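S.K.: dropping the sequence and predicted coords here.
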Amino acid sequence: MHLVFPAVLAALLFCVGLYGVLARRNAVLMLMSVELMLNAVNLNLVAFDVWLRDALHSGQALTLFTITVAAAEIGLGLAIVLLIFRNRGTADIDRVGRLTDGDEKADGDEKADSAETVGDDEMEGVG
């Protein structure tokens with residue numbers, strides 16, 4: 001078996017996953033992109049295990065371990081995303097910037113609100 005075909009396929013899968021992590025703002029799509037990247041690594045592990053004809057099949061054993069870790073990661077990740085979606089109403093990474101409740105305001109938001117409440121008569125003297 002030629003090693004080039006699975007290596008190129010794994011590189012393409014990894015690039016698609018990397019693009020998904022960097023370009024997407026939805027948390028679920030980011031988790032799916034991480035899974036694509038892990039599957040590309042698994043494909044490389046199995047391909048190199050077959051190519052090297054390892055007697056212990058350590059690449060395949062490591063692939064099973066990686067699949068187990070990926071399953072736990074996706075389970076915890078989806079649980080966190082669902083909890084954030086239930087509390088905030090969105091799974092957008094940009095809109096979920098801080099871990100405080102939506103009712104509380106950060107220090108920067110209070111300063112912005114106080115600047116917006118300046119009246120027109122106070123602004124006439126400026127300038």
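M.R.: Cool, got the structure.

S.K.: so who does the spatially closest residue to M37 that is not a sequence neighbour touch?
M.R.: Nearest residue to M37, sequence neighbours excluded (C-beta to C-beta, 6 or more residues apart in numbering): G17, at 3.6 Å. (Glycine included, C-beta is placed from N, CA and C.) Taking C-beta atoms under 8 Å, 6 or more residues apart in numbering, we find G17 in contact with S33, V34, E35, L36, M37, A40.

S.K.: who are the packing partners of the longest helix anywhere in the chain?
M.R.: As assigned by DSSP state H, the longest helix anywhere in the chain is helix 58-88. For helix 58-88, the packing partners by 3 or more C-beta pairs under 8 Å, 6 or more residues apart in numbering; DSSP states H and E come out as helix 27-52.

S.K.: tell me if I'm right that E35 and A70 touch.
M.R.: Yes. With contacts counted by C-beta atoms under 8 Å, E35 reaches A70, the gap being 6.3 Å.

S.K.: now the residue nearest to L52 when sequence neighbours are not counted: how far from N87?
M.R.: Among residues not flanking L52 along the chain, G59 sits closest, at 7.8 Å (C-beta to C-beta, 6+ apart). Separation of G59 from N87 (C-beta to C-beta, to the nearest Å): 42 Å.

S.K.: mind listing what's buried in the longest helix of the chain?
M.R.: G59, T63, A70, G77, V81, I84 (16 or more other C-beta atoms under 10 Å).

S.K.: do the same with stretch 11-19
M.R.: Neighbour counts using 16+ other C-beta under 10 Å place L13, F14, G17 of stretch 11-19 among the buried residues.

S.K.: if anything else comes up later, I'll come back, but that's it for now.
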